[in-house]
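Visitor: Sequence and predicted structure, then a few things I'm wondering about:
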Protein chains: 2
Amino acid sequence: MGKRKQSSSNMQNEKFITECDLAYAVCKIGGRWKLLILGKLEGGKLRYSELRSQIGEVTERMLTLQLRELEKEGLVKRTVYAEVPPRVDYELTDIARELIPAWRILEAWGAKHRLLAQHESEIKEPETSLQ
Amino acid sequence: MGKRKQSSSNMQNEKFITECDLAYAVCKIGGRWKLLILGKLEGGKLRYSELRSQIGEVTERMLTLQLRELEKEGLVKRTVYAEVPPRVDYELTDIARELIPAWRILEAWGAKHRLLAQHESEIKEPETSLQ
DNA sequence: CCCATTACTTACATTTTTGTGCGTACCGCA
DNA sequence: TGCGGTACGCACAAAAATGTAAGTAATGGG
């Protein structure tokens, strides 16, 4: 999340991979906390502190980093009010909203297959099988 | 990609985050080479060596790791033939195919916004502006 | 016996991402 | 003058992902 080495193989490969439109898109939403943030913002504008408390586990540093990236990528809009104490709020851009249909599908898929996966693991691993 | 520390904050956070169905789903396809692999397999079965040569930049190690994960996640099916030299092929599972509609949307989004992003950067950075 | 082929392993190095803890500016209020 | 609240920034550390270079097994063919 800090600057990256432009010349590393890693970076070159990323460029190569994101020539695929699909990989490019997933890349934009692939950060650890990004989807959670975007999800919270679907309901409307939120301030930094609201996001922080709604997400709970996220640290301020991570929240800031992810918001900055989302902003750069054009998925969220950041608005700063010249007040003290400071007030900043974040909202989805139209570009982000275009992704919502895809989110819905992925969400449904996730819900379905997570349940299946849990079920399977229950079958495979009977709780502390004696003998 | 090696084993992960079950107790790390990182791991705990991942568990927390993937309680969100959407994040869970994206997590499954989020590896570096996964989407490229899945994309190639959309056209049908391919053997290991075919994938390797079609993707080009990927190393054998990475290809193997990503395929193993996709297999664990139930997105690809691996078939080994008892021959020498060995022959192994990979194909999408039904679970993976359920994701295709979402891929199409993301792909279209990626194509559209990548072009826009390129266009913007051309405006902002006139090619080696003299004076 | 030596070689080529395929689909991997393994050990190791590098790069990137994520997390921790603490510090900052601003101003109004007590 | 000291304190509290907001939205960060920074240095550092840990963990995870990715990349590099080499090696392996099995076996049919020369």
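Guide: Yes, it's here. Predicted model only: the values in this text are computed from it and were never measured.
Visitor: Tell me, how many residues neighbour residue A:15?
Guide: 10 (other Cβ atoms under 10 Å in any protein chain shown). Yep, even glycine has a C-beta here, placed from its N, CA and C like the rest.
Visitor: and after the helix or strand containing it, which helix or strand comes next?
Guide: Element membership for residue A:15, per DSSP states H and E: helix A:9-17. Where DSSP H and E defines the elements, the next helix or strand beyond helix A:9-17 is helix A:21-28.
Visitor: got the angle for the longest helix along chain A vs helix B:21-28?
Guide: Looking across chain A with DSSP state H, the single longest helix is helix A:100-124. Angle, helix A:100-124 to helix B:21-28, by axes from the mean of the first three to the mean of the last three Cα atoms, to 10 degrees: 80 degrees.
Visitor: so, in contact with chain B or not, the helix holding residue A:15?
Guide: Yes: Helix A:9-17 comes into contact with chain B (Cβ under 8 Å from any Cβ of the partner chain), by way of A:12-14, A:16-17.
Visitor: Tell me which other helices or strands the longest helix of chain A touches.
Guide: When contacts are defined as 3 or more Cβ pairs under 8 Å, 6 or more residues apart in numbering or on different chains; DSSP states H and E, helix A:100-124 sits against helix B:21-28, helix B:100-124.
Visitor: Could I get the average pLDDT for that helix?
Guide: The average pLDDT for helix A:100-124 rounds to 85.
Visitor: Now it: buried residues?
Guide: Using 16 or more other Cβ atoms under 10 Å in any protein chain shown as the test for burial, helix A:100-124 gives A:102-103, A:105-107, A:109-110, A:113-114.
Visitor: re earlier: out of the residues of helix A:9-17 next to chain B, who's nearest DNA strand C?
Guide: The shortest approach to DNA strand C among these belongs to residue A:14, at 7.7 Å (Cβ to the nearest atom of the strand).
Visitor: ok, back up a step: who are the packing partners of the helix holding residue A:15?
Guide: Applying 3+ Cβ pairs under 8 Å, 6+ apart, one finds that helix A:9-17 makes contact with helix A:21-28.
Visitor: Check the offset of the helix it packs on from the chain's centre.
Guide: Relative to the centre of its chain, helix A:21-28 is centred 13 Å away, using Cα atoms, centre = their mean, to the nearest Å.
Visitor: Low-confidence regions, chain A specifically.
Guide: For chain A, applying pLDDT under 70 flags the ranges A:1-2, A:121-131.
Visitor: try 50
Guide: Within chain A, the stretches falling below the threshold (pLDDT under 50) are A:128-131.
Visitor: buried residues in the helix holding residue A:15?
Guide: For helix A:9-17, burial by neighbour count (16+ other Cβ under 10 Å) applies to A:13, A:17.
Visitor: Is DNA strand C within reach of it?
Guide: Yes: against DNA strand C, helix A:9-17 shows contacts by Cβ under 7 Å from any atom of the strand at A:9-11.
Visitor: Report the contact partners of the residue nearest the centre of chain A.
Guide: Most central in chain A under Cα atoms, centre = their mean is residue A:34, positioned 1.8 Å from the mean C-alpha point. Going by Cβ atoms under 8 Å, 6 or more residues apart in numbering or on different chains, residue A:34 touches A:66, A:69-70.
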